[in-house]
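> sharing a sequence plus its predicted fold:
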Amino acid sequence: MTQKMHKLIILRGNSGSGKTTVAKDLQKKLGNNTMIISQDAMRREMLMVKDGPETKALPLLKELLRYGSDHSEIVILEGILVADWYRSLFELANELYGKDVYAYYFDIPFEETLNRHKTRAKSNEFGEKAMRDWWVEKDYSDVLNEVAITEEKDRDSIVNEICDRIDFSH
(Lines give C-alpha, C1' and ligand atoms only; values in the text may rest on other atoms or scores of the structure.)
Protein backbone atom coordinates (compact mmCIF):
# COMPACT_ATOMS: atom_id res chain seq x y z
CA MET A 1 0.00 0.00 0.00
CA THR A 2 1.37 3.39 -0.97
CA GLN A 3 1.67 5.95 1.77
CA LYS A 4 -0.33 9.05 0.95
CA MET A 5 1.64 12.22 0.41
CA HIS A 6 0.14 14.99 2.48
CA LYS A 7 1.57 18.04 4.21
CA LEU A 8 0.19 20.42 6.80
CA ILE A 9 1.20 24.07 7.04
CA ILE A 10 0.08 25.83 10.22
CA LEU A 11 0.08 29.63 10.32
CA ARG A 12 -0.60 31.08 13.79
CA GLY A 13 -0.38 34.48 15.40
CA ASN A 14 -2.24 37.51 16.58
CA SER A 15 -4.95 39.28 14.62
CA GLY A 16 -3.58 41.44 11.80
CA SER A 17 -0.23 39.65 11.56
CA GLY A 18 -0.68 38.48 7.96
CA LYS A 19 -1.67 34.82 8.32
CA THR A 20 -4.69 34.84 6.00
CA THR A 21 -2.88 36.78 3.28
CA VAL A 22 0.06 34.36 3.37
CA ALA A 23 -2.32 31.35 3.40
CA LYS A 24 -4.08 32.58 0.25
CA ASP A 25 -0.76 33.30 -1.49
CA LEU A 26 0.50 29.83 -0.55
CA GLN A 27 -2.65 28.20 -1.90
CA LYS A 28 -2.19 29.98 -5.24
CA LYS A 29 1.48 29.03 -5.43
CA LEU A 30 1.02 25.40 -4.34
CA GLY A 31 -1.91 24.90 -6.70
CA ASN A 32 -4.62 22.29 -7.02
CA ASN A 33 -5.59 20.12 -4.07
CA THR A 34 -4.36 22.68 -1.52
CA MET A 35 -7.01 23.19 1.16
CA ILE A 36 -7.22 26.21 3.49
CA ILE A 37 -8.84 25.76 6.89
CA SER A 38 -9.48 29.24 8.27
CA GLN A 39 -10.25 29.45 11.98
CA ASP A 40 -12.11 32.74 11.43
CA ALA A 41 -14.25 31.34 8.61
CA MET A 42 -15.24 28.31 10.69
CA ARG A 43 -15.75 30.12 13.98
CA ARG A 44 -17.15 33.48 12.92
CA GLU A 45 -18.87 32.79 9.59
CA MET A 46 -20.03 29.16 9.69
CA LEU A 47 -20.76 28.68 13.39
CA MET A 48 -21.00 32.21 14.82
CA VAL A 49 -19.32 31.15 18.07
CA LYS A 50 -16.86 32.87 20.38
CA ASP A 51 -13.25 31.81 20.69
CA GLY A 52 -11.98 30.42 23.96
CA PRO A 53 -10.86 27.29 25.77
CA GLU A 54 -14.10 25.39 24.99
CA THR A 55 -14.98 26.90 21.61
CA LYS A 56 -17.49 24.93 19.58
CA ALA A 57 -15.26 25.52 16.54
CA LEU A 58 -12.66 23.05 17.82
CA PRO A 59 -14.51 19.82 16.88
CA LEU A 60 -15.16 21.19 13.37
CA LEU A 61 -11.52 22.21 12.93
CA LYS A 62 -10.48 18.68 13.94
CA GLU A 63 -12.89 17.13 11.43
CA LEU A 64 -11.59 19.39 8.68
CA LEU A 65 -8.00 18.46 9.58
CA ARG A 66 -8.94 14.78 9.24
CA TYR A 67 -10.71 15.45 5.94
CA GLY A 68 -7.68 17.30 4.62
CA SER A 69 -5.38 14.47 5.69
CA ASP A 70 -7.47 12.00 3.72
CA HIS A 71 -8.26 14.08 0.64
CA SER A 72 -5.76 16.92 0.11
CA GLU A 73 -2.08 16.90 -0.73
CA ILE A 74 -1.50 20.09 1.24
CA VAL A 75 -3.60 21.60 4.02
CA ILE A 76 -3.06 25.11 5.35
CA LEU A 77 -4.52 25.70 8.82
CA GLU A 78 -4.54 29.38 9.72
CA GLY A 79 -5.82 31.46 12.60
CA ILE A 80 -5.01 33.03 15.93
CA LEU A 81 -5.29 29.51 17.40
CA VAL A 82 -4.23 30.32 20.97
CA ALA A 83 -1.74 27.63 22.00
CA ASP A 84 -3.48 26.48 25.21
CA TRP A 85 -6.99 26.48 23.75
CA TYR A 86 -6.05 24.56 20.61
CA ARG A 87 -3.50 22.16 22.09
CA SER A 88 -5.62 19.10 21.23
CA LEU A 89 -5.87 20.30 17.61
CA PHE A 90 -2.09 20.55 17.38
CA GLU A 91 -1.70 17.10 18.94
CA LEU A 92 -4.09 15.72 16.31
CA ALA A 93 -2.09 17.52 13.61
CA ASN A 94 1.09 15.76 14.75
CA GLU A 95 -0.75 12.43 14.89
CA LEU A 96 -2.19 12.80 11.36
CA TYR A 97 0.77 14.39 9.58
CA GLY A 98 3.83 13.29 11.60
CA LYS A 99 7.01 14.92 10.32
CA ASP A 100 5.06 16.68 7.58
CA VAL A 101 3.78 19.47 9.87
CA TYR A 102 5.29 22.83 8.96
CA ALA A 103 4.31 25.25 11.72
CA TYR A 104 4.87 29.00 11.74
CA TYR A 105 4.17 31.58 14.41
CA PHE A 106 3.77 35.20 13.30
CA ASP A 107 5.70 36.99 16.04
CA ILE A 108 4.78 40.53 15.01
CA PRO A 109 4.71 43.51 17.44
CA PHE A 110 1.28 44.86 18.37
CA GLU A 111 1.79 48.25 16.69
CA GLU A 112 2.68 46.56 13.40
CA THR A 113 -0.40 44.30 13.52
CA LEU A 114 -2.49 47.42 14.11
CA ASN A 115 -0.94 49.11 11.06
CA ARG A 116 -1.54 46.00 8.94
CA HIS A 117 -5.13 45.73 10.18
CA LYS A 118 -5.87 49.28 8.97
CA THR A 119 -5.16 48.14 5.37
CA ARG A 120 -7.63 45.21 5.48
CA ALA A 121 -11.15 45.19 4.11
CA LYS A 122 -12.50 44.10 7.51
CA SER A 123 -10.76 46.93 9.38
CA ASN A 124 -14.16 48.52 10.08
CA GLU A 125 -15.45 45.35 11.81
CA PHE A 126 -13.16 45.80 14.82
CA GLY A 127 -10.42 48.14 15.96
CA GLU A 128 -7.53 48.67 18.34
CA LYS A 129 -9.47 47.91 21.55
CA ALA A 130 -10.63 44.49 20.31
CA MET A 131 -7.17 43.69 19.01
CA ARG A 132 -5.64 44.58 22.39
CA ASP A 133 -8.24 42.39 24.15
CA TRP A 134 -7.36 39.43 21.91
CA TRP A 135 -3.60 39.99 22.05
CA VAL A 136 -1.45 37.13 23.38
CA GLU A 137 2.26 37.93 23.55
CA LYS A 138 4.74 35.28 22.27
CA ASP A 139 2.10 32.51 22.19
CA TYR A 140 4.43 29.77 20.94
CA SER A 141 3.09 26.22 21.18
CA ASP A 142 4.95 23.55 23.13
CA VAL A 143 3.33 20.92 20.88
CA LEU A 144 4.40 22.34 17.53
CA ASN A 145 7.94 22.93 16.33
CA GLU A 146 7.24 26.47 15.14
CA VAL A 147 9.40 28.73 13.04
CA ALA A 148 9.09 32.43 13.89
CA ILE A 149 7.90 34.85 11.24
CA THR A 150 9.01 38.39 12.13
CA GLU A 151 8.01 41.81 10.85
CA GLU A 152 11.20 42.14 8.79
CA LYS A 153 9.97 39.53 6.32
CA ASP A 154 7.63 40.57 3.52
CA ARG A 155 4.85 38.31 2.32
CA ASP A 156 6.67 37.07 -0.81
CA SER A 157 9.74 36.03 1.17
CA ILE A 158 7.53 34.29 3.76
CA VAL A 159 5.69 32.34 1.03
CA ASN A 160 8.97 31.41 -0.69
CA GLU A 161 10.58 30.37 2.61
CA ILE A 162 7.65 28.08 3.44
CA CYS A 163 7.60 26.52 -0.03
CA ASP A 164 11.39 25.98 0.04
CA ARG A 165 11.13 24.21 3.42
CA ILE A 166 8.45 21.70 2.41
CA ASP A 167 9.83 18.24 1.68
CA PHE A 168 8.11 16.89 -1.42
CA SER A 169 10.35 13.79 -1.65
CA HIS A 170 7.87 11.48 0.11
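The structure has been received and is ready for your questions.
> measure how buried Tyr97 is and give me the count.
Residues within reach of Tyr97, counting by other CB atoms under 10 Å, total 19. Just so you know, the C-beta spots here come from the backbone N, C-alpha and C atoms, and that holds for glycine as well.
> nearest residue to it other than its sequence neighbours?
Leu8 (4.3 Å; CB to CB, 6 or more residues apart in numbering).
> could you do Val143 as well?
With CB to CB, 6+ apart, the residue lying closest to Val143 is Phe90, at 4.1 Å.
> element containing the one you found, please.
Using DSSP states H and E, Phe90 sits within helix 87-97.
> my reading is that Tyr140 lies in a strand. Confirm?
No: assessed with DSSP: H, G, I helix; E, B strand; the rest coil, Tyr140 is coil; it does not lie in a strand.
> Tyr105 is in contact with that one, correct?
Yes: assessed by CB atoms under 8 Å, Tyr140 is found in contact with Tyr105 at 5.6 Å.
> who has more neighbours, those two?
Each of Tyr140 and Tyr105 has its neighbours counted (other CB under 10 Å); Tyr105 has more, 24 against 13.
> compute the inter-axis angle for the longest helix that the chain contains and helix 87-97.
Of all the segments of type helix in the chain, defined by DSSP state H, the longest one is helix 57-71. Interaxial angle of helix 57-71 relative to helix 87-97 (axes from the mean of the first three to the mean of the last three CA atoms, to 10 degrees): 10 degrees.
> how about residues contacting the helix or strand following helix 57-71?
Later in the chain than helix 57-71, the nearest helix or strand by DSSP H and E is strand 74-79. If you take CB atoms under 8 Å, 6 or more residues apart in numbering as the criterion, strand 74-79 is touched by 6-12, 19-20, 22-23, 26-27, 30, 33-40, 43, 61, 65, 68-69, 89, 93, 166.
> surely the residue nearest to Tyr97 and Ala93 touch.
Yes: with contact defined as CB under 8 Å, Leu8 and Ala93 form a contacting pair (5.7 Å).
> which residues do these two both contact?
With CB under 8 Å, 6+ apart as the test, Leu8 and Ala93 both reach Leu65, Leu77, Val101.
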